[in-house]
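Chemist: Sequence and predicted structure are below.
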Amino acid sequence: MPDLFSEFRIKSVTLRNRIAVSPMCQYSATDGMVNDWHLVHLGALARGGSGLIVAEATGVSPEGRITPGCTGLWNDAQAEGWRPIIRFIEEHGAVPGIQIAHAGRKGSAARPWEGDCHLAIDDSQAWQPVGPSPIAFGGILPRVPHEMTLQEIARVRADFVAAAQRARDVGFKWLTLHFAHGYLAQSFFSPLANQRTDDYGGSFENRARFILETLAAVREVWPDHLPLTARVGVLDYVEGEQPMEESIELIRRMKAAGLDFIDVSMGFNTPDVSRVPWGEHAFLAPIAQRIGREVGLPTATSWNINDPVKTDELIRTGQIDLAMIARALLSDPHWPYHAAQALGRELPQNVLPPPYAFWLKR
Ligand SMILES: Cc1cc2nc3c(=O)[nH]c(=O)nc-3n(C[C@H](O)[C@H](O)[C@H](O)COP(=O)(O)O)c2cc1C
């Protein structure tokens, strides 16, 4: 069985270990353009020894962003901005990935530290959020989304394809589609957000359509030799959510449409998160394991993965193939180095760059 520091091979990509940087919005872009912040933030994570770095939820259109500070891939200048970041990540032994996204009815929000709530309608940076149905998320995101027309659905699909092409052309090696966390794709799948009566709502087939069509269209342009992955919200822990069997069937069909790897996460389709078992280490891992086994796809999950010994165990026992880690890596980009120490391991190759390794290895 592999362990935390075993390589992970998928398609033509090899990760140096099983530690992956989970996508993390930085809300620090201007007009969707990355800047020095993103280079230093992601560069530090690459230097820190993780195997995979998935850059933050990046809007496929201006309205696809969560906040005005989110990154974008709706024009070529934005794509070019990623080049030095990709180069740095690869030079330091990690694989550069990106998550592309449309925020749907959760879009047009303020940065978390500025309130996390929908921007006022008359704010010059605000836009009209869209969704499958005119149902507000609620809580601090009260704006009723515009119900998308079939033409608008086709447009978003084309935006995902164009963003994937740009990600490909600029050199990303791993693409993650954001089909979780209550953003647009997830909200099409969830009966809590989707009450359409056309081909995109109602039955399982119809609620799955947006995700499956978008995935298939992206697969057409994303190279066969590179992993196409998705983060899917498989449960919400609330009344009225889709049954787990539907989530599993969705992922089975995603596999048939060309998905190579699944990152299991939550739905977040309502503000009620009171039943989420927040305190437990890796509380989604048993669900991820079940999905990985039933569907037959390599699998990751996140949420409270931070203890090196328990994380190593998740890999050794085959519960997950990769550990997607967010906050523990924010607080310590050198978590891989410290994990090796905690596990009493000889320092694996490439976990520290030479200018650090020479001093710290002994
Ligand atoms: C600052 C921050 C930004 C995040 N942004 C994203 C994002 O862009 N896309 C996404 O899918 N999840 C996002 N998440 C969720 C994380 O990727 C991760 O799933 C979650 O934080 C649980 O992992 P953790 O317990 O290791 O923090 C974000 C989390 C944090 C803390």
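Modeler: Yep, that arrived. Please read these numbers as outputs of a predicted model, since none were measured by experiment.

Chemist: for the protein, what's the longest helix?
Modeler: Longest helix of the chain, by residue count under DSSP state H: helix 150-170.

Chemist: Report the separation between the spatially closest residue to residue 29 that is not a sequence neighbour and the ligand.
Modeler: Computed as C-beta to C-beta, 6 or more residues apart in numbering, the closest residue to residue 29 that is not its neighbour in sequence is residue 71, at 4.5 Å. From N, CA and C alone the C-beta is placed, and that goes for glycine too. Residue 71 sits 9 Å away from the ligand, going by C-beta to the nearest ligand atom, to the nearest Å.

Chemist: wait, residue 71 sits on residue 55?
Modeler: Yes. With contact taken as C-beta atoms under 8 Å, residue 71 and residue 55 are classed as touching, separated by 7.3 Å.

Chemist: Strands of the stretch 201-350 of the chain, residue ranges please.
Modeler: Using DSSP state E, counting those that start in this stretch, the strands of the stretch 201-350 of the chain run over residues 228-235, 261-266, 299-301, 322-325.

Chemist: Pick the most deeply packed of these.
Modeler: Burial of the strands of the stretch 201-350 of the chain is given as mean neighbour count (mean count of other C-beta atoms under 10 Å); strand 299-301 ranks first at a mean of 28.

Chemist: and it, which strands flank it?
Modeler: Paired with strand 299-301 in the same sheet, following DSSP bridges, are strand 261-266 (parallel), strand 322-325 (parallel).

Chemist: JSON lines please, covering those strands and showing mean pLDDT and distance to residue 349.
Modeler: Output for these, formatted as JSON lines (pLDDT from 0 to 100; distance: least, C-beta to C-beta, whole Å):
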{"stretch": "strand 261-266", "mean pLDDT": "98", "distance to residue 349": "24"}
{"stretch": "strand 322-325", "mean pLDDT": "98", "distance to residue 349": "18"}
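
Chemist: ok so, going back, quick one, which of the strands of the stretch 201-350 of the chain is nearest to residue 249?
Modeler: Ranking these by proximity to residue 249 (C-beta to C-beta) places strand 228-235 first, at 11.0 Å.

Chemist: Compute the inter-axis angle for the closest one and helix 150-170.
Modeler: Taking axes from the mean of the first three to the mean of the last three C-alpha atoms, to 10 degrees, strand 228-235 and helix 150-170 form an angle of 130 degrees between their directions.

Chemist: quick one: contacts of strand 228-235?
Modeler: 23, 97, 99, 174-182, 186, 190, 211, 215, 218-219, 222, 241, 244, 247-248, 250-251, 254, 258-269, 287, 291 (C-beta atoms under 8 Å, 6 or more residues apart in numbering).

Chemist: Direction included, what does it pair against?
Modeler: Strands that pair with strand 228-235, judged by DSSP bridges, come out as strand 174-179 (parallel), strand 261-266 (parallel).
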